[in-house]
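**Student:** pasted the sequence and its predicted model underneath.
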Amino acid sequence: MLRSNREKQQSYEFVSIEDLVPQDHLLRKVDKYIDFSFIDEKVRPLYCADNGRPAIDPVVLFKMIFLGYFYGIRSERQLEREIQTNLAYRWFLGLGLTDKVPDHTTISWNRRTRFKDTNIFQDIFDEIVLQAISHRMVGGRVLVTDSTHVKANANKHQYTKQMVLQNTKDYVDELNAAVAEDRKAHGKKSLKPREEVNEEKEIKVSKTDPDSRYMIRDGKPEGFFYLDHRTVDMKYNLITDVYVTPGNVHDSVPYLSRLDRQQKRFEFKVEAVALDSGYLTTPICRGLQSRKIFAVIAHRRFHPKQGLFPRWKFTFDAERNLYVCPASHELNYRITDRKGYRQYASDPEQCKNCPLLGQCTQSQNHRKVVTRPVWEDSKEWVRNNRLSTPGKKLYCKRKETIERSFADAKELHGFRYCRLHELPNVREQALMTAAVQNMKKMAIHLDRLEKRG
């Protein structure tokens, strides 16, 4: 016998929204273990105290933003619709069954006006990390850092070409000092300080998102991207730092400054770090060694010119400060150039009759030159760390920590693509995605601890 449910759907019932949300729902755990009261203090200076219409409760506003990132809802308009029909979302925001949901334009208006040019999203992310520290979920002793490309909200075919200036690296002063010291130690005259050099380069600039940059890499998609630099703590894989740059910025550029920021902001006592091969640069190796941090960085394989000996075939004798070639001939120190490289050259008279000359060099004067950075000792220190037993164990944790963190952000929280244009908005997306990942992990962990106890 067929029955119609029309009368049941039109009936009235006396219910409580508290009873309709499952007790084990994620949002219940987040609401219980994450303290959002700090939001009022953070945003208070951004509101007028005695003028204008009453504003929506900032905690409710940011909880709406968190909901979008918790469940990967890309559109604020869609977020408003989801809250209208989802009882758990209403409960999390403190809305009743008949309460009006704040309009989606409220979020976009606050982003464009009230929160523009502020650090509010960075402050909120930092406060979540501080709460994790208070729950002993962040150790601050072992950190893992990497970066991932996030597709910009831009058409790769809509662009203009521009000439831009490229500055030299930010470690020029330190390098100048190292070069001067090395030349003095070898009895060479000092060079004039290496000035900052501005070089022009033609790049593609998106018409829809000028802050993004065009990326072309082997095995990677082609187009406009941003780069999300992220650091996680080894203890519970919580994210401790997020920094977004255009897609053409090298991984190593912001690393040391962001590491220093974490140590200062959260009072970390960093003992060890694990990094991908993109961070295997001499300045980073030098910086980590000077900070007395045990560094493990993946090996980067260099391919020599086909038919010639690779550099590792030339053995460095530190005591005599020279290289020995595969034919047992010596390459003596000549000079240290202003780029920070020592040059070791062979004797052409020995080389021109050497049976291995064709595999050693193709120079017309039969002279082989091997270069060695003044900070090469720091690089070798990192290589030895990587080959040690603790280093191997530490590096194996990368795929379980930072790679997992990126995967969750992209698969579960919609961070595969940028929602909005311009760097500040992408930075907001990165910070809020990382914040909700931390909140989710904290709430689940603390709930398990309470049930065990």
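**Tutor:** That came through fine.
**Student:** would you tell me which helix is longest in this structure?
**Tutor:** helix 423-452 (DSSP state H).
**Student:** and stretch 56-75, how far out from the chain's middle?
**Tutor:** 23 Å (C-alpha atoms, centre = their mean, to the nearest Å).
**Student:** likewise for stretch 262-278?
**Tutor:** If you compare the mean C-alpha spot of stretch 262-278 with that of the full chain, they lie 12 Å apart, counting by C-alpha atoms, centre = their mean.
**Student:** how about stretch 71-90?
**Tutor:** 29 Å.
**Student:** please apply the same query to stretch 45-61.
**Tutor:** Relative to the mean C-alpha coordinate of its chain, stretch 45-61 is positioned 33 Å out (C-alpha atoms, centre = their mean).
**Student:** now do the buried residues in that stretch.
**Tutor:** Burial within stretch 45-61, assessed by neighbour count using 16 or more other C-beta atoms under 10 Å, is assigned to P58, V59, V60, L61. All C-beta spots, glycine's among them, are computed from the backbone N, C-alpha and C.
**Student:** if we only consider those residues, which is nearest to M163?
**Tutor:** When these are compared for distance to M163 (C-beta to C-beta), L61 wins out at 42.3 Å.
**Student:** wait, that closest one sits on H104?
**Tutor:** No. Contact criterion C-beta atoms under 8 Å: L61 and H104 do not qualify, at 11.3 Å.
**Student:** what about the residue sitting nearest the centre point of the chain, distance to Q437?
**Tutor:** Nearest residue to the geometric centre of the chain (C-alpha atoms, centre = their mean): H229, 1.0 Å. Distance from H229 to Q437, counting by C-beta to C-beta, to the nearest Å: 15 Å.
**Student:** same question, P246
**Tutor:** Applying C-beta to C-beta to P246 and Q437 gives a distance of 23 Å.
**Student:** between those two, which has more neighbouring residues?
**Tutor:** Counted by other C-beta atoms under 10 Å, P246 and Q437 do not tie: Q437 has more neighbours, with 24 against 20.
**Student:** test my guess that that one contacts F406.
**Tutor:** No. Counting by C-beta under 8 Å, Q437 stays clear of F406, with 10.2 Å between them.
**Student:** roughly how far out does stretch 232-241 sit from the chain middle?
**Tutor:** A distance of 12 Å separates the C-alpha centroid of stretch 232-241 from that of its chain, computed with C-alpha atoms, centre = their mean.
**Student:** endpoints of that stretch, how far apart?
**Tutor:** Using C-alpha to C-alpha, to the nearest Å, the end-to-end distance of stretch 232-241 comes out at 7 Å.
**Student:** could you do stretch 292-311 as well?
**Tutor:** 28 Å.
**Student:** so for that stretch, what's the average pLDDT?
**Tutor:** Confidence over stretch 292-311 (mean pLDDT, whole number) is 81.
**Student:** distance from that stretch to the middle of the chain?
**Tutor:** With C-alpha atoms, centre = their mean as the basis, the distance from the averaged C-alpha position of stretch 292-311 to the chain average is 23 Å.
**Student:** list the buried residues for that stretch?
**Tutor:** Going by 16+ other C-beta under 10 Å, stretch 292-311 has these buried residues: I293, F294, A295, V296, I297, F309.
**Student:** ok, back up a step: show me what contacts the residue nearest to the centre of the chain?
**Tutor:** The neighbourhood of H229, defined by C-beta atoms under 8 Å, 6 or more residues apart in numbering, consists of T145, D146, S147, D241, V242, Y243, V244, T245, D251, P254, Y255, R258.
**Student:** from what I see, the second one and S277 are in contact.
**Tutor:** Read that as D146. No. With contact defined as C-beta under 8 Å, D146 and S277 do not form a contacting pair (10.4 Å).
**Student:** point out where the chain drops to low pLDDT.
**Tutor:** Residue ranges of the chain with pLDDT under 70: 1-11, 50, 52-54, 164-174, 182, 192-199, 301-304.
**Student:** what about the strands in it?
**Tutor:** According to DSSP state E, the chain carries its strands in the segments 142-151, 159-167, 198-206, 213-215, 223-233, 239-246, 272-275, 294-297, 315-317, 322-324, 330-336, 341-345, 369-373.
**Student:** the first one: how far from the chain's middle?
**Tutor:** Here strand 142-151 is found 4 Å from its chain centre; the criterion is C-alpha atoms, centre = their mean.
**Student:** save the buried residues of stretch 292-311 as CSV, and put in distance to Y214 too.
**Tutor:** As requested, the buried residues of stretch 292-311 are exported to CSV (distance: C-beta to C-beta, whole Å):
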residue, distance to Y214
I293, 34
F294, 37
A295, 31
V296, 32
I297, 27
F309, 37
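**Student:** how many residues are close by P22?
**Tutor:** As a burial measure, P22 scores 10 neighbours (other C-beta under 10 Å).
**Student:** and for the one 4 residues further on?
**Tutor:** Using other C-beta under 10 Å, L26 has 17 other residues around it.
**Student:** so how far is E403 from it?
**Tutor:** For L26, the distance to E403 under the criterion C-beta to C-beta works out to 23 Å.
**Student:** who does V370 bridge with?
**Tutor:** Y344 (DSSP bridges).
**Student:** residues contacting it?
**Tutor:** Taking C-beta under 8 Å, 6+ apart as the definition of contact, the neighbours of V370 are R311, F314, Y323, L331, Q343, Y344, A345.
**Student:** tell me the contacts of the spatially closest residue to E428 that is not a sequence neighbour?
**Tutor:** Beyond its immediate neighbours in the sequence, the residue positioned closest to E428 (C-beta to C-beta, 6 or more residues apart in numbering) is F121, lying 4.7 Å away. Residues near F121 by C-beta under 8 Å, 6+ apart: F115, R427, E428, L431, M432.
**Student:** if you set the cut-off to 7 Å instead, what comes out?
**Tutor:** Listed by C-beta atoms under 7 Å, 6 or more residues apart in numbering, the contact set of F121 reads E428, L431, M432.
**Student:** out of those residues, who has the most neighbours?
**Tutor:** L431 (25 neighbours).
**Student:** thinking that residue is in contact with E127, fair?
**Tutor:** No. No contact is recorded between L431 and E127 when judged using C-beta atoms under 7 Å, the distance being 11.4 Å.
**Student:** distance check, M215 against S206.
**Tutor:** Separation of M215 from S206 (C-beta to C-beta) stands at 12 Å.
**Student:** and E380, by the same measure?
**Tutor:** 42 Å.
**Student:** have a look at the two and say which one is more surrounded.
**Tutor:** Higher neighbour count among E380 and S206: S206, with 22 against 13, using other C-beta under 10 Å.
**Student:** surely the more buried one touches F225?
**Tutor:** No. Using C-beta under 7 Å, S206 is not in contact with F225; the gap is 10.3 Å.
**Student:** having no further points to raise, I will conclude here.
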